[in-house]
Every structure is written in C-alpha cells, then in structure tokens.
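Engineer: Okay, here's the prediction I keep looking at, along with the sequence it came from:
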Amino acid sequence: MKSRRRFLATSLAAGVLAVHRSAFAHGNAEHAAKAASAPPSEQLDWGIAGDGRSVSRTIAIVMTDEMRFVPGHIEVRLGETIRFTHENRGAVMHEMVVGTPATLAEHAELMQRFPGMEHDEPWMAHVAPGGRGEMIWHFNSAGEFQFACLIPGHFQAGMIGTIKVG
C-alpha cells in the first residue's frame, strides 16, 4: 500500500511538472519541436501562429547586447505569414515576443517580478547567446504591434521594435 501511494504521488507530481513545464518551457530546439507538434493556436489581437507551408517571406532579426533589434521596424501585408529568423549576436540571452504594446508591457512587468519565469508560446522565440532561432507568425489582423525582448531590464532599456500590418 505504501509503495502504491508513493507511485501515485510520484505520478501526480510528474504530471503536474509536465503540465507546468509545457506551459512555461524555455528552449530553442525544444521550442521549435513543440511548436511543430502543438495543438492549433488561439487567435490573438496581433494574429495567430503560422504554418511553415504558408510562409510568404522571411525576415531576419538580429538581437544585440546594445538592447536593440535590427531591423527595429517591420511592415507586413495583412494576411502574410512571416518566418522570423533570429540571430543573437550578444553575450546574453535575448528573446523576441510579438504583441500589443499593452500585453508586452504587462508581460515585461511580470518578468521583472518573477525573473526566473519560463514561458514558451508561438509568438515568442528565445535565443541563447551566439545562437539562432525562428518563429512563424500569421498576421491576419491589421494594426500597429510591437516586438520586444522581455528578459528583465531589456524591455526597460528599449529593446522594442514595431510591426505595422496593413
């Protein structure tokens, strides 16, 4: 009986950990593999996760330790699916998170309060120092959006870019 309870407790803990990790997992290759096998994404104000077979064009994004993205402004046609490729030329972790100014500011505040918070969503890419990453996003909503690095201190230092969808 004791070993059965231990087994059940261990199984429950493993299940909770698996759910927690899938909701907040960082990673580069893991992120891409997860995105490929993930269930359909939800529609957000700034679009929806894209399908690699529908990519209209690729936009290369460089991340630097000067807390900048190059380019810092992107124009996208409504309905376009973009493959963003990321190159982190810095010595620290960077990320690109797409959203509205309000959602990015809210998430940046959470990251300040909980700096160890890990997350993994189709609208974000985490790139290790000297590494590369990728994100595919379908812009099916017109408007002006942003992309930012929400690692504590980076957003506050101005690591923010704009996306105009029209």
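Structural biologist: Good, I have the coordinates.
Engineer: what about residue 58, neighbour count?
Structural biologist: Using other Cβ atoms under 10 Å, residue 58 has 11 other residues around it. (Each C-beta comes from the backbone N, C-alpha and C, glycine too.)
Engineer: Excluding chain neighbours, what is closest to the most centrally placed residue in the chain?
Structural biologist: Centroid-nearest residue in the chain: residue 124, 1.0 Å away (criterion: Cα atoms, centre = their mean). In space, and not counting its chain neighbours, residue 124 is closest to residue 97: 4.2 Å by Cβ to Cβ, 6 or more residues apart in numbering.
Engineer: returning to that earlier point: wait, the residue nearest to the centre of the chain touches residue 137, no?
Structural biologist: No - between residue 124 and residue 137 there is no contact, the gap being 10.0 Å when judged by Cβ atoms under 8 Å.
Engineer: Show me the common contact partners of these two, please.
Structural biologist: residue 98 (Cβ atoms under 8 Å, 6 or more residues apart in numbering).
Engineer: quick one: low-confidence ranges for the protein?
Structural biologist: Applying pLDDT under 70 to the chain flags residues 1-40.
Engineer: mind listing the helices for it?
Structural biologist: Ranges of helices within the chain are 2-24, 29-37, 101-113, based on DSSP state H.
Engineer: and the gap between residue 42 and residue 148?
Structural biologist: 20 Å (Cβ to Cβ, to the nearest Å).
Engineer: Looking at these two, which has the bigger crowd around it?
Structural biologist: Shown here are residue 42 and residue 148; by other Cβ under 10 Å, residue 148 has more neighbours (25 against 9).
Engineer: close enough to count as contact, the more buried one and residue 101?
Structural biologist: No - the criterion here is Cβ under 8 Å, and residue 148 misses it with residue 101 at 9.0 Å.
Engineer: for stretch 105-124, how far is the first residue from the last?
Structural biologist: Using Cα to Cα, to the nearest Å, the end-to-end distance of stretch 105-124 comes to 15 Å.
Engineer: Return the set of buried residues in it.
Structural biologist: Under the neighbour-count criterion of 16 or more other Cβ atoms under 10 Å, stretch 105-124 has 107, 108, 111, 119, 120, 121, 122, 123, 124 buried.
Engineer: again, but for stretch 146-157
Structural biologist: 146, 147, 148, 149, 150, 151, 152, 154, 155.
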